[in-house]
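> dropping a prediction and its sequence here:
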Amino acid sequence: MQDGLPSVFSHLGWAGGIIMLVFSLWVSWYTYLLLARMHEVPDLDNKAGNGVRRLDRYDQLSCYVLGPRKGKLALLPFQLIVLIGVAITYTVVGGDSLRAFAHFITPNLAMGKWSFYIIFGAVQLMLSMLPTFNELSMVSLLGAVMSVAYCVIAIVMSARVHPAKGTVNYAPEAVERIPIERTMGIFNALTTVLFAYGGHNMALEIQATLPINEQHKSSVPRMERAVHITFVVTALAYLLVSIFGFYAFGTSVADNVLLTFSHGPTSWVVAMTDMFVVVHVLAAYQVYINPVFIMCEASLARRTRGGSVNVIVQTLLRMSLVVGVTVVAVLIPFFGSLMGLFGAIGITPTTFTLPPLLWLMLKQPSKWSFDWCQNWFLVIITGLMGVLGTIGALYGIINAASTYHLFAN
């Protein structure tokens with residue numbers, strides 16, 4: 001979530017925040033291109049495919065390089081963490097935004113956070129009963145439009161703030177924190193940025209939709225152009241949100257910068273934006289939870305005589321998953337720490353660490369060549385960041401949980 005990026009600067013400062021944003025952008029951009037270039041592998045027996053085999057899913061690529069067993073073990077656990085972790089985080093974001101909108105309409109509303117997480121989960125229960133993901137196409141399109149809308153509003157709202165000189169603190173070291181809090185905040189901030197740039201799990205599925213024919217001998221050049229355009233737009237949006245948000249509020253910026261505008265003459269704009277956020281995460285949640293449904297249903301089907309799952313079992317399974325996600329969100333409603341945690345243990349391995357590792361094993365560049373050094377550097381440095389980020393996020397969750405009251409208003 002890009003609206004959480006300004007809070008990263010409150011731990012890293014101007015220099016550290018910008019360096020981390022640019023580094024994460026470069027690594028995410030580069031690893032996405034690696035996946036695109038590994039989508040097609042030689043297969044001389046495939047005459048219909050012009051001697052090329054297409055690896056249309058991330059797990060197919062992983063199994064092709066590492067073997068069926070190792071390939072699944074290297075990817076599947078992290079993919080599940082990403083899919084379920086993002087669903088939990090979106091439940092927290094959706095519930096918080098729904099609560100902010102409700103308080104704008106009814107300022108004295110006496111309902112706790114947990115109530116709004118349950119409302120959000122109930123809507124997801126209904127969406128999850130749609131028979132196939134195709135029925136969600138319009139919802140997904142609406143969600144994408146809402147995402148762009150609230151990103152633009154966050155940039156414009158932050159850019160309109162002109163703090164008087166000396167009224168805003170931009171130095172993390174000036175914030176009163178004990179050394180352990182300062183260190184863990186930095187660790188968590190590292191993988192919060194990685195969370196925002198994550199999203200490579202569906203890269204090969206997207207590329208699979210590009211046809212190979214007489215006109216287009218390969219899908220790679222077209223995919224590369226699309227990746228370049230996407231990351232230029234993404235980089236611009238993320239940098240503007242981060243810089244303007246931190247400039248406006250400094251180290252006091254909220255985990256979600258829009259929540260900082262929840263009071264005052266522009267609160268109606270924020271209330272409208274909150275609903276944009278709700279619509280976006282309602283749709284995005286389904287994008288991430290549907291593959292989990294499919295995997296669980298396929299696993300159950302393999303264990304039944306008929307090789308299929310009936311409607312009752314399918315409904316109960318989907319209900320159980322959505323209820324489980326909602327319960328976790330109610331118990332751990334800490335947006336900033338959740339972004340850091342799932343960024344560290346799910347998105348970092350699948351987005352930043354595994355692509356260069358698979359590239360090294362598939363292409364086998366010469367030892368100590370630039371390609372070899374660059375990719376091993378990324379494997380090591382992103383793996384280390386994932387470990388540090390996990391430690392920082394867990395500390396943040398434990399620290400926040402010590403003062404959190406489950407059913408408080």
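Received it, and whenever you're ready, just let me know what you need. Numbers count the residues shown, from 1 in each chain.

> elements contacting the helix or strand where Ser97 lies?
Ser97 belongs to helix 68-105 when elements are defined using DSSP states H and E. If you count contacts as 3 or more Cβ pairs under 8 Å, 6 or more residues apart in numbering; DSSP states H and E, helix 68-105 packs onto helix 58-66, helix 113-128, helix 267-302, helix 311-331, helix 335-342, helix 354-363. For glycine as for every other residue, the C-beta is placed from the backbone atoms N, C-alpha and C.

> any regions of the stretch 1-150 of the chain where pLDDT drops low?
For the stretch 1-150 of the chain, applying pLDDT under 70 flags the ranges 1-3, 44-50, 131-144, 147.

> what about the strands in the stretch 101-250 of the chain?
Along the stretch 101-250 of the chain, no segments are classed as strands by DSSP state E, counting those that start in this stretch.

> endpoint to endpoint, stretch 102-109 covers what distance?
From its first residue to its last, stretch 102-109 covers 8 Å (Cα to Cα, to the nearest Å).

> how far is that stretch from where the chain is centred?
30 Å (Cα atoms, centre = their mean, to the nearest Å).

> Val161 contacts Gly245, correct?
No: Val161 is not in contact with Gly245 according to Cβ atoms under 8 Å; the separation is 9.1 Å.

> between these two, which is the more surrounded one?
Gly245 (31 against 15; other Cβ atoms under 10 Å).

> Ala393 versus Gly386, what's the distance?
As judged by Cβ to Cβ, to the nearest Å, Gly386 and Ala393 stand 10 Å apart.

> find the residues that touch each one of the two.
Residues touching both Gly386 and Ala393 (Cβ atoms under 8 Å, 6 or more residues apart in numbering): 191, 344.

> between those two, which is the more surrounded one?
Each of Gly386 and Ala393 has its neighbours counted (other Cβ under 10 Å); Ala393 has more, 29 against 23.

> give the contact list for the more buried one.
Contacts of Ala393 (Cβ under 8 Å, 6+ apart): 187-188, 191, 337-338, 340-341, 343-344.

> between these, which is closest to Ala208?
Gly343 (26.2 Å; Cβ to Cβ).

> next, count neighbours for the residue nearest to the closest one when sequence neighbours are not counted.
Spatial nearest neighbour of Gly343, excluding adjacent residues (Cβ to Cβ, 6 or more residues apart in numbering): Phe195 at 3.1 Å. By the criterion of other Cβ under 10 Å, Phe195 has 29 neighbours.

> state the distance from Phe195 to Leu338.
According to Cβ to Cβ, Phe195 and Leu338 sit 9 Å apart.

> next one: Ala159
Going from Ala159 to Leu338 by Cβ to Cβ gives 28 Å.

> neighbour-wise, which of those two wins?
The neighbour count for Ala159 versus Leu338, taken as other Cβ under 10 Å, is higher for Leu338 (28 against 14).

> with adjacent residues omitted, what lies nearest to that one?
Nearest to Leu338 is Thr89, by Cβ to Cβ, 6+ apart, at 4.7 Å.

> for Leu34, see how far away the one you found is.
Using Cβ to Cβ, one obtains 26 Å as the distance from Thr89 to Leu34.

> more neighbours: these two, which one.
Between Thr89 and Leu34, counting by other Cβ under 10 Å, Thr89 is the more crowded of the two (26 against 21).

> distance to His11 added to the helices and strands packed on helix 68-105, as TSV?
Conversion of the helices and strands packed on helix 68-105 to TSV gives the following (distance: least, Cβ to Cβ, whole Å):
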stretch	distance to His11
helix 58-66	31
helix 113-128	24
helix 267-302	23
helix 311-331	24
helix 335-342	10
helix 354-363	27
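
> let me know whether Met184 touches Gly389 as I believe.
No: between Met184 and Gly389 there is no contact under Cβ under 8 Å: 10.0 Å.

> show me which of these two is the more surrounded one.
More crowded of Met184 and Gly389, by other Cβ under 10 Å: Gly389, with 31 against 25.

> let me see the confidence value for that one.
Here, the pLDDT recorded for Gly389 equals 90.

> check which helix or strand covers it.
Element membership of Gly389, judged by DSSP H and E, is helix 370-401.

> average model confidence for stretch 165-180?
In the prediction, stretch 165-180 has an average pLDDT of 88.

> same question, stretch 300-310
On average, stretch 300-310 scores 82.

> what residues of that stretch count as buried?
Val309 (16 or more other Cβ atoms under 10 Å).

> now do stretch 114-133
So for stretch 114-133, counting by 16+ other Cβ under 10 Å, buried means 114-121, 124-125, 127-128.

> does Tyr117 really touch Val328, like I thought?
No: counting by Cβ under 8 Å, Val328 is not a contact partner of Tyr117; they are 9.7 Å apart.

> for the residue nearest to Phe335 when sequence neighbours are not counted, give me its contacts.
Distances taken as Cβ to Cβ, 6+ apart place Asp255 nearest to Phe335, at 4.8 Å, with adjacent residues excluded. Neighbouring residues of Asp255 by Cβ under 8 Å, 6+ apart: 4, 7, 335-336.
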